[in-house]
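Participant: this one's structure only:
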Ligand SMILES: Cc1cc2ncn([C@H]3O[C@H](COP(=O)(O)O)[C@@H](O)[C@H]3O)c2cc1C
Ligand SMILES: O=C(O)c1cccnc1
């Protein structure tokens, strides 16, 4: 599969308008469900159907990979944690397992570049990736293969009945490439994108700031090509995520975005497949400073803001019940006519 994406359609304006008209007929004061009304209308637009259908198969795909830059000491945790957490996902003991189950979603884990053998390595492109402050993360071939893998996984999931997709990340050090991608695509200064990640101390923060500054110099030299940017500054996990998010839009499947790592991949995906962001909603606001830059650039308003900074798809999973509630309101509430309730004076 190539890295050329077909044109992305926009979600149905007609279904969205029908949903907003339906909201005016449901037994509540006009506008009283606040943003739930627009969220339900967005799902109606994605499904091209009013009322929208409650999600039957919400699916989280966690893309795991190690990062060469972790050897520079940019994280509070060692790289071995990536592979160990993959085993934890498979065993069902991670935060995303619990949060997805609580929201009625299931979890799939894909090892794109973990620096260890894992039981989910069928799609592995390589072990870890280059240290992006001084070398490319991937070769051109590896980059294209990773994007194609992400696309193929989105296709597999949609063909398997998934009607709502969430991407998650697992990879020690991955907030560093995420910050670099975001700075490269928003024009932000390095210092504006350096976050605390797993909870780094001030000395680690300074090392991370230097790594981001050096990597950003290389990222900017790559020019505006999204595939070249993924090659120089991302890694196979982030490249696959970008392919996955772009392909979800091609397949007209709504996506809840997670925090800074997934959103960095989303920013690249919007360049790979312009218009893809219309198929995405922001699940939450991560405390990572670079996340706000993506939300602003893609004009996305997070559903929840709980001070979370985990990744794995956790912020998106927490937002899923809100989106489900928005859909069910449109699908299940009675209208004024049906319930015999009087409408506003003057109607
Ligand atoms: C036990 C554990 C579970 C995680 N789940 C997600 N992350 C998240 O934190 C890491 C990114 O932060 P940094 O760039 O500071 O390394 C990634 O592994 C990300 O997926 C975790 C991190 C740890 C330690
Ligand atoms: O916002 C995120 O995705 C995030 C934040 C900290 C660590 N890992 C991921």
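Facilitator: It's in. A quick note: this is a predicted structure, and the numbers were derived from the prediction, not measured. Ligands and ions are numbered 1, 2, ... in the order given.
Participant: could you use CA atoms for every contact and neighbour count after this?
Facilitator: Noted.
Participant: ok, the nearest residue to residue 292 once chain neighbours are set aside to residue 296 distance?
Facilitator: The shortest distance from residue 292 to any non-neighbouring residue, by C-alpha to C-alpha, 6 or more residues apart in numbering, is to residue 285 (7.3 Å). Distance of residue 285 to residue 296, given as C-alpha to C-alpha, to the nearest Å: 11 Å.
Participant: low-confidence ranges, this structure, go.
Facilitator: Applying pLDDT under 70 to the chain picks out residues 1-2.
Participant: mind running it again at 80?
Facilitator: The chain contains residues with pLDDT under 80 at 1-3, 346-347.
Participant: so is residue 287 in a helix, a strand, or just coil?
Facilitator: coil (DSSP: H, G, I helix; E, B strand; the rest coil).
Participant: my read: it touches residue 307, true?
Facilitator: Yes - assessed by C-alpha atoms under 8 Å, residue 287 is found in contact with residue 307 at 5.7 Å.
Participant: ok, these two, which is more surrounded?
Facilitator: Comparing residue 287 with residue 307 by other C-alpha atoms under 10 Å, the one with more neighbours is residue 287, at 19 against 12.
Participant: next up, phi/psi of the more buried one, please.
Facilitator: Main-chain dihedrals, residue 287, degrees, to the nearest 10: phi -70, psi -10.
Participant: next one: residue 270
Facilitator: The phi and psi values for residue 270, taken as degrees, to the nearest 10, are phi -70, psi -30.
Participant: check contacts around residue 111.
Facilitator: Shown in contact with residue 111 (C-alpha atoms under 8 Å, 6 or more residues apart in numbering): 63, 64, 65, 86, 118, 120, 121, 122, 123, 124, 237.
Participant: give me the buried entries from those residues.
Facilitator: 63, 64, 65, 86, 118, 120, 121, 124, 237 (16 or more other C-alpha atoms under 10 Å).
Participant: just say helix, strand or coil for the first one.
Facilitator: Using three-state DSSP, the structure places residue 63 in strand.
Participant: I'd assumed residue 107 was in contact with it.
Facilitator: No - taking contacts as C-alpha under 8 Å, residue 63 lies outside contact range of residue 107: 10.9 Å.
Participant: near ligand 1, which residues of the chain?
Facilitator: 75-77, 169-176, 197-198, 310-312 (C-alpha under 6 Å from any ligand atom).
Participant: Throw together a PyMOL command that grabs the buried residues out of these.
Facilitator: Listed next is the PyMOL selection for buried residues among those, using 16+ other C-alpha under 10 Å:
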select buried, resi 75+76+169+170+171+172+173+174+175+176+197+198+310+311+312
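Participant: and ligand 2, which of the residues of the chain next to ligand 1 contact it?
Facilitator: Within the residues of the chain next to ligand 1, those near ligand 2 by C-alpha under 6 Å from any ligand atom are 197, 198, 310, 311.
Participant: still on that earlier bit, out of residue 285 and residue 296, which sits in the busier spot?
Facilitator: Of the pair residue 285 and residue 296, residue 285 is the one with more neighbours under other C-alpha under 10 Å, namely 25 against 11.
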